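**Student:** sequence and predicted model, in that order:
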Amino acid sequence: MAPITETQVERVRALVASIPAGFVATYGDIAAAADLSSARIVGWIMRTDSADLPWHRVLGASGRPAAHLATRQLETLRSEGVAIHDGRVPLNSIRFDFGSLSSPSEPTTNLGE
C-alpha cells in the first residue's frame, strides 16, 4: 500500500463524519468520494483513526458489518432507526450520497477558466 497522507486521512474522517444518523456508506463509497484507489485504504484509516467518528455507519459492500463488530455495530445502527435484515443493512434504501458534498479539491469560482 502506498503511503497515506495526512490530507487523505482528514478527507476520509470528514466524509465519515458527514454521514447522518439513519444513513450508511460503504468503504468503497468513501474511497470514491475521497479519490482513493482502494476501499482498503479507508479500512486502514478507519481501523487506526476513527474512535471519535460514527464508524458504525460504514459497512462493507455487502451491507454486512465486520464479524468482530457485528453485534455492536448493528445495535447502534438499529438505535438510529436503520432497518436490519438477516444481519445486513439494505444499502439501496439508506446509502448516503456523498455527491451532495463539495470537494475541497474543486474550484469555488470560475476564475482562470
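**Tutor:** Received, thanks.
**Student:** got the CA positions of the worst-scoring helix or strand of the chain on mean pLDDT in CSV?
**Tutor:** When the helices and strands of the chain are scored by mean pLDDT, DSSP states H and E, helix 91-94 comes last with a mean of 92. Presented in CSV, the C-alpha positions along helix 91-94 are these (Å, rounded to 0.1, in the frame of the first residue of the first chain):
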residue,chain,number,x,y,z
LEU,A,91,-27.9,-0.3,1.2
ASN,A,92,-30.2,0.6,-1.6
SER,A,93,-32.6,2.4,0.7
ILE,A,94,-30.3,4.3,3.1
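**Student:** could I get the buried residue list for that helix?
**Tutor:** 91, 94 (16 or more other Cβ atoms under 10 Å). To be clear about C-beta, it is placed using only N, CA and C from the backbone, and glycine gets the same treatment.
**Student:** what stretches of this structure score poorly on pLDDT?
**Tutor:** Applying pLDDT under 70 to the chain picks out residues 1, 101-113.
**Student:** top helix in it by residue count?
**Tutor:** When the chain is parsed with DSSP state H, its longest helix is helix 6-17.
**Student:** what's in contact with that helix?
**Tutor:** Helix 6-17 is contacted by residues 25, 30, 33-34, 36, 41-42, 45-46, 49-50, 53-55, 57-58, 98, 101, 104 when judged by Cβ atoms under 8 Å, 6 or more residues apart in numbering.
**Student:** returning to what we had before: any idea how far the least confident helix or strand of the chain is from the middle of the chain?
**Tutor:** Distance of helix 91-94 from the chain centroid (Cα atoms, centre = their mean, to the nearest Å) equals 14 Å.
**Student:** hmm, back to that, which members of the contacts of helix 6-17 occur in helices, if any?
**Tutor:** 30, 33, 41-42, 45-46.
**Student:** please identify which of those residues is nearest to Q73.
**Tutor:** Of all the ones in helices among the contacts of helix 6-17, Q73 sits closest to M46, with 11.8 Å by Cβ to Cβ.
**Student:** separation between the nearest residue to S38 once chain neighbours are set aside and R11?
**Tutor:** With Cβ to Cβ, 6 or more residues apart in numbering as the criterion, S38 has its nearest non-adjacent residue at 6.1 Å, and that residue is A31. From A31 across to R11, the span is 10 Å (Cβ to Cβ, to the nearest Å).
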